[in-house]
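Q: structure for this input, please:
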Amino acid sequence: MIHVSALTIAAGRAAHLRNVVAGFQAQHHKPSELIIGVMQDDEYTDLPATDFPIRQIRVTAPELPLSAARNAVADAATGEMLVFVDVDCIPAPDFITGYLDRMAGHRGLFMGEVMYLPHNTSDAGLDFDRFAAIAVKHSDRQGPPAAGLEACADYRCFWSLNFALWRQDWLDGPRFDEAFTGYGGEDTDFGRAWSESGAPIWWIAGGRVYHQYHPHCMPPVHHLHSVLRNTEVFARKWGHRTMEHWLYAFKLMGLIRNTTDGLKVLREPGPAEFALCEQQGHMPYANSRRVIDHLHMQAQDGRISAERTVREQRALLLPAAE
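A: The predicted model follows:
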């Protein structure tokens, strides 16, 4: 039997975490352990009873230490296989078996399926049949293959929301770069480092999680400053910025400007920007494309072509030319 370490990181979201724990207890192939990277002062209490041990590792910093917390839980893992889920993702009962079936004989990073639940659907306990009937896919994310696994050719698609790898690959491969603090960029950097190492990134059919509804902003105007800081961390490392679709949205909103000396904040986001970017109760997920399309429609020159959008986003990858 292959021993699996289930890993998550959390700050707040206690009700979501309880559902994550219950989801792992419902697995057909239960994990040998669950390790929680706790990014707050106090450990979590009142977690559901499980047949496997739960360990909590505190990793705190002035801003969310997402990279450091993921490194800490992976380093502490003892299983042969490591599965990561975010605290807002409930693993389906065949989550672990799906990964085991697809990963056999392969190495690399493996990304499972993510389905989004509407508002108030995970508050009353876990009903996986209902979840399967009402959850939806994200319109901006590549869907899983019909069966088996499929190579992911673009490292920018890597997303730590739901992924797995063999422990030996973790020990031998890149880590999450702890120079990224707060929100944004650490996943893209990890995918880039993994791609540069020559190891593959895979989409798989299976390994499903159900993303629990919680209101947030996309693009993340509430994390404007950490996104700007982290895109420059990425640029110093790889020669160009990342998160260009968010930067483009910030530019369209008049929040930033690209200069020869770097990205400059013109003003802080206000009520109009938060109202535009916030996830509303009828939305299973927030969507940057929706916001960018809305801003395009408001532009004086009307609808902006996809080619122009790509060109203007790419222009934000480097400082403005003199």
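
Q: please count neighbours and contacts with C-alpha atoms only from this point.
A: Fine.

Q: the stretch 51-200 of the chain: strands as residue ranges?
A: Counting by DSSP state E, counting those that start in this stretch, the stretch 51-200 of the chain has strands at residues 54-58, 81-85, 89-91, 109-111, 114-116, 149-151, 162-166.

Q: with mean neighbour count added, can I get those strands in a markdown table?
A: Formatted as a markdown table, the strands of the stretch 51-200 of the chain follow (neighbours: other Cα atoms under 10 Å):
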| stretch | mean neighbour count |
| --- | --- |
| strand 54-58 | 16 |
| strand 81-85 | 24 |
| strand 89-91 | 27 |
| strand 109-111 | 26 |
| strand 114-116 | 22 |
| strand 149-151 | 16 |
| strand 162-166 | 23 |
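
Q: Serialize the ones you listed to JSON lines and add fields for mean pLDDT and distance to Asp123.
A: As requested, the strands of the stretch 51-200 of the chain are exported to JSON lines (pLDDT from 0 to 100; distance: least, Cα to Cα, whole Å):
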{"stretch": "strand 54-58", "mean pLDDT": "98", "distance to Asp123": "22"}
{"stretch": "strand 81-85", "mean pLDDT": "98", "distance to Asp123": "19"}
{"stretch": "strand 89-91", "mean pLDDT": "98", "distance to Asp123": "12"}
{"stretch": "strand 109-111", "mean pLDDT": "97", "distance to Asp123": "26"}
{"stretch": "strand 114-116", "mean pLDDT": "96", "distance to Asp123": "14"}
{"stretch": "strand 149-151", "mean pLDDT": "95", "distance to Asp123": "32"}
{"stretch": "strand 162-166", "mean pLDDT": "98", "distance to Asp123": "21"}
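
Q: which stretch among these comes nearest His225?
A: strand 54-58 (24.9 Å; Cα to Cα).

Q: counting by contacts, list what the closest one packs against.
A: Under the contact definition 3 or more Cα pairs under 8 Å, 6 or more residues apart in numbering; DSSP states H and E, strand 54-58 sits against strand 33-38.

Q: next, the angle from the strand it packs on to strand 54-58.
A: Per axes from the mean of the first three to the mean of the last three Cα atoms, to 10 degrees, the angle that strand 33-38 makes with strand 54-58 is 20 degrees.

Q: still on that earlier bit, mind checking which of the strands of the stretch 51-200 of the chain is nearest Arg290?
A: Short answer: strand 114-116, nearest of those by Cα to Cα, at 16.6 Å.

Q: so, low pLDDT: which residues of the stretch 151-300 of the chain?
A: For the stretch 151-300 of the chain, applying pLDDT under 70 flags the ranges 300.

Q: for Ala92, see how far away the residue nearest to Leu47 when sequence neighbours are not counted is.
A: Sequence neighbours aside, Arg18 is the residue nearest to Leu47 in space, at 5.6 Å (criterion: Cα to Cα, 6 or more residues apart in numbering). According to Cα to Cα, to the nearest Å, Arg18 stands 14 Å off from Ala92.

Q: and those two? which has more neighbours close in?
A: Ala92 (25 against 20; other Cα atoms under 10 Å).

Q: list the contacts for the more buried one?
A: Contacts for Ala92 were tallied using Cα atoms under 8 Å, 6 or more residues apart in numbering; they are Gly23, Ala26, Gln27, Phe128, Gly207, Arg208, Val209, Tyr210.

Q: give me the pLDDT value at it.
A: With respect to pLDDT, Ala92 scores 98.

Q: roughly how far apart are it and Ile2?
A: 19 Å.

Q: give me the number of residues near Gln298?
A: 11.

Q: got phi/psi on it?
A: With angles defined as degrees, to the nearest 10, Gln298 sits at phi -80, psi -20.

Q: distance of it from Thr8?
A: 40 Å.

Q: can you check Ala92 too?
A: Taking Cα to Cα, one finds Ala92 at 15 Å from Thr8.
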